[in-house]
Each structure stands twice: as structure tokens, then as C-alpha cells.
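Undergrad: Generate a structure from the sequence data that follows.
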Amino acid sequence: MYHVFVHELGERLLAHIRREEFLRAGDRVGVAVSGGIDSVALLRLLIELHQDLGIVLSVVHFNHKLRGAESDADQEFVAQLAREHGLEFYSESGDTARLADEEGAGLEAAARELRYGFFGKLLGADEVDRGQDFPQGLKPDSMASLIGTAEAVSFPNPARTSSDIEPHMLDKIATGHTLDDQAETVLMRMIRGTGPRGLAGIYPRIVIEHEDGEGHGEIVRPLLGIRRIELEQYLKHLKQPWREDSTNADSKFTRNRVRKLVLPLLEREFNPAVFESFSELAEIARDEEDYWENELSGWLGTVVQWSQPEWTRGIPGFDDLSSAASLVQIQPSRPKVADPELLARLDQPGPALMNASVSRPWLLTEPKAVQRRVLKAIGEQAGIPLEFKHIEEILRFVAEDGPSGKGLSLPLGWKILRGAEAMLFLTPDLRRQERIPDYEYSLPVPGRAAIPEVGVVIEALLVTPQSQIAEYNPQQLLRAELLRGPLTVRNWRAGDRFWPAHTKAPRKIKELLQKRHLAQPARRLWPVVVSGDEVVWMRGFPVPARLQEKTEIAALLIREVPWDVARDKA
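TA: Numbering: from 1, shown residues only. Okay, the predicted model is just below:
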């Protein structure tokens, strides 16, 4: 049991904020308060410390409208807390369930999208990312438009509407993420599969550029080194009440299961300091990523060279960019391109139209960690979706002895040619093929279909005993007798619709994927399974409710299998 005294926790937090320079004198700081333990404790601590820090505090609250009267009561609780301490109060609400329905996403993702959109508005940002933390700031596709009503109320000043929010209203927003949240995030990413970037977990600060380009705001997490139980003891010492979110007990949310079941088991049976261990791992991973980002920026400008593809030479509208030092998306001059089909392919979103070469002798003499990161960076710059399996295959190909000029096929029609001095990444010749070609394969039941364009294998399994059916997620099990014909795996096409479970109506697949903010090549090649003329399975989405197996007698499971695992079992 922790014995927390007000001055001890406050002094620790003050020293931490000053050491990390989270907050500085003169900062206008909005404290994001949901009403729960973490955020209420953060507000009370910063009220205690605001004079020492020289900051101006306000309270920020987003009402997700997920729990009806309970959500409204949370908002009123936070508003009253602001009144009691004479703090300005900014609140906004959004229909989270509706947004999740429209995007085919989970409630947690939709809630984050709305909440961080509101934070971005208060910080004067045009765009703010809702999905990931980045050490260099947020660089998202676009800021979501808010669904619902909004208000900004000042106490004791007269009420104002959110339309009165001025640019740069706040300099920083502080959120109540704790050491517990960090441990949960790292463990969840490990379970799902991740690399060093994912192990970095929740970043202590996120830089958000202002819409006018003048300066930036920040989202800071000063409690990342403090356990939730310490904050609870702190509030009890103050006799400060808080609100309990009923959804925190709902086991359908993965994070709740990790929080209530997995981490306590690890702490009790394996490592009493497991929370601190995960937090330390995240800090190490963040520092590692910072180092590698700096190293990669140098390599991409030296050992990696970009050049104009041979097939573009002579096509009107293309400049000679063979000496370009960085990746450039070539834009053809529309009036001069005679071939309308070629023009249409050039206009399609997709990978950049530049070749890349990397010194083969240099690559072979570098450690494997450097090799992997350089190849991954080339893929990210060029728009080639290279996963771990692709990179390992490229490394085997690079190391092989053999004649120069031998090639290896990569996703999206790219190829890599092996030379004595260089490895050349060749963009596909768009005079002869689509920018991102379609694919289509038969899927036997039971059986597998290899999809080289995506680098995965789609598998169909018959699950019959009731005991086995119970082991699978019911949202992924289909009733085989309801399928209209043989199964086909293909990338989605224009006009395709899909009706994921828990949504009100079929949606265009194009819209479902746009809402997930996927890069264009990955979005264009997203796999679906078709029976007759109906899309019955879509990667990353639950199967349609009307097709879900409910008899517990027999079921069809369609799932994605990693390329190397399928090859090893073949």
C-alpha cells in the first residue's frame, strides 16, 4: 500500500515538470479532465503547483455522449470543479457512437479522434493526429469535423460559445496519462505484434504546429511516471471525490482485460515492478527511435540515391530529376501527355515515380539492424508497403552470390535489381500496367490463397466442434450455409459495399478505409473475400451480423496468415 502525502507527490511532480520542461512560466495550460481519478488528481496537483510554476490554468472536458445521463453528469461534475477553483472551463461534445458507426472503427478510436480534434482546436492547430504518438509532433491526414454541440464557458465570466475560441487559445494541454497507462499500452502492442517504434508507447509530449505556421502548442503527459494508486491515495487524502466510468469494467474492451486481468497477474506472479519495467522499456525505445531517426536522415541523403525512371524519359511533362537528392513525386503536364490511359494511371494516387539505389557493398558491411532500417525507410519514402517478411527476403537476395541484373519482385509492381555495386529499386513502368494493379484469387474451403501483392495468405477453415467454436472471436465466424457461392479473395473495387457487424447499414468500402487514414497503396490493395456478388469478409472488420455463426454447430473462419508462416507449413 502506498502512503502518499500531498506535499510529497506535489514536490515529485514539480521536480519532474521542471526537469523535463513540460510547463514554463507564462504558459496557458488546459488540464484535460474527464472526471476520473487520473485527470482529477492532475488538476488538483497543478492547482497546488501553479504559483510555483507561474502558469495560468483552465479546465478542458470532452463529452463523448456514450453513457447518456452518466456522461452529462461527468461534464457537470467537471464544470463544478472548475467553478470551485475559479478556472475557465472549455467543453465540447460529440456523438462518438455515430462516428464509430460511420468509420467502421472501435469506440475507443472514435473517442480519441473527437477528443484530440477538440484539443487541436484549443491549441490553434489545423490538424491533429488521433491514432499514434510521434516524437517529432503530429502529422495526420486531416482533423475530424466534430459531430454534436460545443461550448466554452468561463467562470466567473459570462458564457461564451466554442465559435469564440481564438487561435492559440491555449499553449499546452496536460493529460492524465499515468505509468499504468504506459504499461498497458506497451503490453497491448507487444501482444498484437510491434517493433521498436510501437514499444515506445505513449510519448511524454506531442508537438502540434499552429494553423498559421507561427509556433506550436503541445500536449504533455506529466504523470507518466506516477502510479494510479498513488493518485487515488492523494485524492482520498484531500477528500476530493471523482467519477467512476462504468465502461472501465466492460470486459469487451481489450484494454480493460489487460488492466484487470493480465497486468495484475504479471505483477503478482512474476514481477512486482512490472509496471515500472514496461515504462522503462518504453523510455529506452523512444531514445532508440530518436537516434535511428537522426541516423536515417543522413543515410537517405548519402548512400541512398534517387533518380528518374528510364521509362519516363521522353514523355512530355516530365523534367529530368536524375540529380535530385530527395524523393520527388513527379507531376506530368496534362496538356502534353498524348496517351489518355497513361495520363489516367499517372493521376492515380500511389507510390512515387522515382527509382532508388543503395550501395550494395555498404549495405552488406553494415549490421543487420542498419540494413533493416534503411530498407524500411526506402519503402516508406517510395510508397512501397514493405513488411518484415519483405525486408528479410530482400536481405537474403542482397547477400546471395550470382550474376548482376537478377531481379526480385516487390509489392505494387516494384522490382529490385542486384548489381555488383548497387541495389536498384525500380518503379513499375506505367506505360504497360496499372499504377496499382488489381488481383483476384480463388479461396478453397478449407484451403489457402497466397496474395503476393499484399504479402499475406488468406486462409479458410471449417470449425466444427462446439468446444473449438468457443475459442474463436464470434465476430469473425461465418455461417457457411448462408454463403451464395465459391469464395474469391481480391482487392476491393469501386462501388463495393460491406456491412460490418454493429453498424446500421452497408457502407462503401472506399469510405470505410478512408476513415482509417490508410496510405493510398495499402488502401487500394486492401483484401476482401467475395461470395457470389457479396463481400462477406474484409480485413480488419467484423463479419456482417446476418452471416455470423450462431448455431454453434459449424462455422467458417476466414483469417489472415503471415506469408512466412504459411510457407513454413507448406
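Undergrad: And residue 78, what's its pLDDT?
TA: pLDDT, residue 78: 95.
Undergrad: give me the element it is part of.
TA: Element membership of residue 78, judged by DSSP states H and E, is helix 69-84.
Undergrad: Tell me what angle whichever helix or strand comes after that helix forms with helix 69-84.
TA: Sequence-wise, the next helix or strand beyond helix 69-84 is strand 88-93, with elements assigned using DSSP H and E. Interaxial angle, strand 88-93 versus helix 69-84 (axes from the mean of the first three to the mean of the last three C-alpha atoms, to 10 degrees): 170 degrees.
Undergrad: Show me what strand 88-93 is packed against.
TA: Contacts defined by 3 or more C-beta pairs under 8 Å, 6 or more residues apart in numbering; DSSP states H and E place strand 88-93 against strand 56-63, helix 69-84, helix 107-122, strand 150-153. The C-beta positions use only the backbone N, C-alpha and C, and glycine is treated the same way.
Undergrad: Sheet partners, orientation included, of it?
TA: With DSSP bridges as the test, strand 88-93 is paired with strand 56-63 (parallel), strand 150-153 (antiparallel).
Undergrad: Now do the buried residues in the helix holding residue 78.
TA: For helix 69-84, a neighbour-count test (16 or more other C-beta atoms under 10 Å) marks 71, 74-75, 77-79, 81-82 as buried.
Undergrad: what's residue 172 sitting at in phi/psi?
TA: Here is the backbone geometry of residue 172 (degrees, to the nearest 10): phi -150, psi 150.
Undergrad: Go ahead and list the helix or strand containing the closest residue to residue 107 other than its chain neighbours.
TA: Excluding the flanking residues, the one nearest residue 107 by C-beta to C-beta, 6 or more residues apart in numbering is residue 100, at 5.0 Å. Using DSSP H and E, residue 100 falls within helix 96-103.
Undergrad: got it, and residue 397?
TA: helix 388-399.
Undergrad: Can you name the next helix or strand after that helix?
TA: Remark: after helix 388-399, the chain's next helix or strand is strand 406-409, criterion DSSP H and E.
Undergrad: Within its sheet, name the partner strands of that next one and how each one runs.
TA: strand 415-418 (antiparallel).
Undergrad: between the strand or helix carrying residue 458 and helix 388-399, how many degrees?
TA: Residue 458 is part of strand 456-463, with elements assigned from DSSP H and E. Using the same axes, to 10 degrees, the direction of strand 456-463 lies 130 degrees away from that of helix 388-399.
Undergrad: Which strands and helices lie in contact with strand 456-463?
TA: strand 447-451, strand 527-531, strand 555-562, helix 563-569.
Undergrad: Figure out how far that strand is from the centre of its chain.
TA: Distance of strand 456-463 from its chain centroid, counting by C-alpha atoms, centre = their mean, to the nearest Å, is 26 Å.
Undergrad: Now that strand: average pLDDT?
TA: In the prediction, strand 456-463 has an average pLDDT of 84.
Undergrad: and that strand, which residues are buried?
TA: Neighbour-count burial for strand 456-463, with 16+ other C-beta under 10 Å as criterion, is recorded at 456-461, 463.
Undergrad: strand partners of it, parallel vs antiparallel please.
TA: Strand pairing for strand 456-463, determined by DSSP bridges: strand 447-451 (antiparallel), strand 555-562 (antiparallel).
Undergrad: Mean pLDDT lowest where, among the ones you listed?
TA: Among those, strand 555-562 carries the lowest mean pLDDT (a mean of 82).
Undergrad: Low-confidence stretches in the stretch 201-350 of the chain?
TA: 211-215, 250-252, 312-350 (pLDDT under 70).
Undergrad: same thing but at 50, please
TA: The stretch 201-350 of the chain contains residues with pLDDT under 50 at 320-335.
Undergrad: And for the stretch 51-200 of the chain?
TA: For the stretch 51-200 of the chain (pLDDT under 50), the answer is 129-163.
Undergrad: Now do the nearest residue to residue 306 once chain neighbours are set aside, the pLDDT please.
TA: Closest residue to residue 306 apart from its sequence neighbours, by C-beta to C-beta, 6+ apart: residue 354 at 4.9 Å. Model confidence at residue 354, expressed as pLDDT, equals 80.
Undergrad: Then the one 10 residues further on?
TA: In this model, residue 364 is scored at 91, pLDDT.
Undergrad: Tell me the secondary structure at it.
TA: Taken by DSSP: H, G, I helix; E, B strand; the rest coil, the conformation at residue 364 corresponds to helix.
Undergrad: hey, where'd the strands end up in the stretch 451-570 of the chain?
TA: For the stretch 451-570 of the chain, the strands defined by DSSP state E, counting those that start in this stretch occupy 456-463, 477-478, 487-491, 497-498, 507-508, 527-531, 534-538, 555-562.
Undergrad: What is the third one packed up against?
TA: When contacts are defined as 3+ C-beta pairs under 8 Å, 6+ apart, strand 487-491 sits against strand 440-443, strand 527-531.
Undergrad: same thing with the fourth one?
TA: With contacts taken as 3+ C-beta pairs under 8 Å, 6+ apart, strand 497-498 sits against strand 507-508, helix 509-514, strand 534-538.
Undergrad: To residue 20, which of the ones you listed lies closest?
TA: helix 509-514 (37.1 Å; C-beta to C-beta).
Undergrad: Which among the helices and strands packed on strand 497-498 is found nearest to residue 262?
TA: strand 534-538 (28.6 Å).
Undergrad: who does that closest one pair up with?
TA: Applying DSSP bridges, one finds strand 534-538 paired with strand 527-531 (antiparallel).
Undergrad: Name the single longest helix found in the protein.
TA: helix 274-299 (DSSP state H).
Undergrad: Parallel or antiparallel, list what pairs with the helix or strand just after it.
TA: Remark: after helix 274-299, the chain's next helix or strand is strand 304-307, criterion DSSP H and E. According to DSSP bridges, strand 304-307 has the following sheet partners: strand 355-359 (antiparallel).
Undergrad: Could you list the buried residues of the strand it pairs with?
TA: 355-359.
Undergrad: Need the residues you listed in TSV (columns: distance to residue 421).
TA: Formatted as TSV, the buried residues of strand 355-359 follow (distance: C-beta to C-beta, whole Å):
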residue	distance to residue 421
355	15
356	15
357	9
358	10
359	7
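Undergrad: quick revisit: Throw the buried residues of helix 69-84 into CSV and include distance to residue 227, thanks.
TA: Listed next are the buried residues of helix 69-84 as CSV, based on distance: C-beta to C-beta, whole Å:
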residue, distance to residue 227
71, 27
74, 23
75, 27
77, 24
78, 23
79, 28
81, 23
82, 26
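Undergrad: any idea which of those residues is closest to residue 540?
TA: For those, the nearest to residue 540 is residue 71 (28.0 Å; C-beta to C-beta).
Undergrad: thought that closest one was touching residue 65?
TA: Yes. In this structure, residue 71 is within contact of residue 65 by C-beta atoms under 8 Å, at 5.6 Å.
Undergrad: To residue 387, which of the helices and strands packed on strand 88-93 lies closest?
TA: In terms of C-beta to C-beta, the element of the helices and strands packed on strand 88-93 nearest to residue 387 is helix 107-122, at 22.0 Å.
Undergrad: From the centre of this protein, point out the most distant residue.
TA: residue 403 (41.6 Å; C-alpha atoms, centre = their mean).
Undergrad: still on that earlier bit, so which of the buried residues of helix 69-84 is the closest to residue 10?
TA: Among the buried residues of helix 69-84, residue 81 lies closest to residue 10 (C-beta to C-beta), at 18.0 Å.
Undergrad: Next up, the contacts around the closest one.
TA: Residue 81 makes contact with 33, 40, 43, 59, according to C-beta atoms under 8 Å, 6 or more residues apart in numbering.
Undergrad: Show the buried residues in these.
TA: Judged by 16+ other C-beta under 10 Å, buried ones among the contacts of residue 81: 33, 40, 43, 59.
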